[in-house]
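Participant: Test case, fold it:
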Amino acid sequence: MYPENNNTPSTGVCDDANGTLPECAPLAVPYVPFQQTGSKRYTQQEALTVGTLFPGLDLPFRVKNTAKQALGGPLAELQALEFVLLELGLYLDTHQSDKEAFTLYQQYADMERQARTRYEATYGPLTPAATASAESWSAWLKGPWPWEQMEGGSR
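Facilitator: Residues are numbered from 1 along each chain as shown. Now for the predicted structure:
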């Protein structure tokens, strides 16, 4: 980027883990690198697991190694349904008269309620509010917490 500081000429092409900056950017001015056009992409299931569609944005946060084992399990299904509801809700915010999208939203909301009921019946409450129908508050406090257990009920 600064030819006077090193002898490597800028090619203007970066790998997927790096974005581009304007050439000769001034000092002390923050920039957000532009993502490369045509970047590699994860599959849909992998993207839901790692939290991004693009491998270049998959930063080395301290995530449990067991996260990939949850693919296709009941928690992953619930997360996918919640994601669909969020996206459809955002769409409906700007397209209130789209009856087909609202019908789809209602169908996915019903699927999400059923998936949450199944998950909580097997693994316990996901939120404090889910304990409202429990016998006591201790249902929320007893472990394992959702992030402590792997699919299948083991730790």
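
Participant: show me what contacts Gly89?
Facilitator: Taking C-beta atoms under 8 Å, 6 or more residues apart in numbering, we find Gly89 in contact with Tyr105. Quick note: C-beta positions are derived from backbone N, CA and C, even for glycine.

Participant: State the distance from it to Glu120.
Facilitator: 22 Å (C-beta to C-beta, to the nearest Å).

Participant: quick one: low-confidence parts of this protein?
Facilitator: For the chain, residues meeting the criterion pLDDT under 70 lie at 1-37, 59-72, 143-155.

Participant: can you give me the helices in it?
Facilitator: 44-50, 74-94, 99-123, 138-141 (DSSP state H).

Participant: For Ala132, find the nearest of the ones you listed.
Facilitator: Minimum separation from Ala132 across the helices of the chain (C-beta to C-beta) falls at helix 138-141, 9.8 Å.

Participant: Now do that closest one: everything it contacts.
Facilitator: Contacts for helix 138-141 (C-beta under 8 Å, 6+ apart): Gly124, Pro125, Pro128, Ala130, Thr131, Ala134.

Participant: Pull the most distant pair out of these.
Facilitator: Maximum distance among the contacts of helix 138-141 (C-beta to C-beta): 11.8 Å, for Gly124 and Pro128.

Participant: related to what we said a few turns ago, make a PyMOL selection of whichever of the contacts of helix 138-141 turn out to be buried.
Facilitator: The buried residues among the contacts of helix 138-141 can be selected in PyMOL (16 or more other C-beta atoms under 10 Å) with this line:
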select buried, resi 124+125+130+131
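
Participant: before we move on, the earlier item: among the helices of the chain, which is nearest Gly38?
Facilitator: With C-beta to C-beta as the yardstick, what comes closest out of these is helix 44-50 (16.7 Å).
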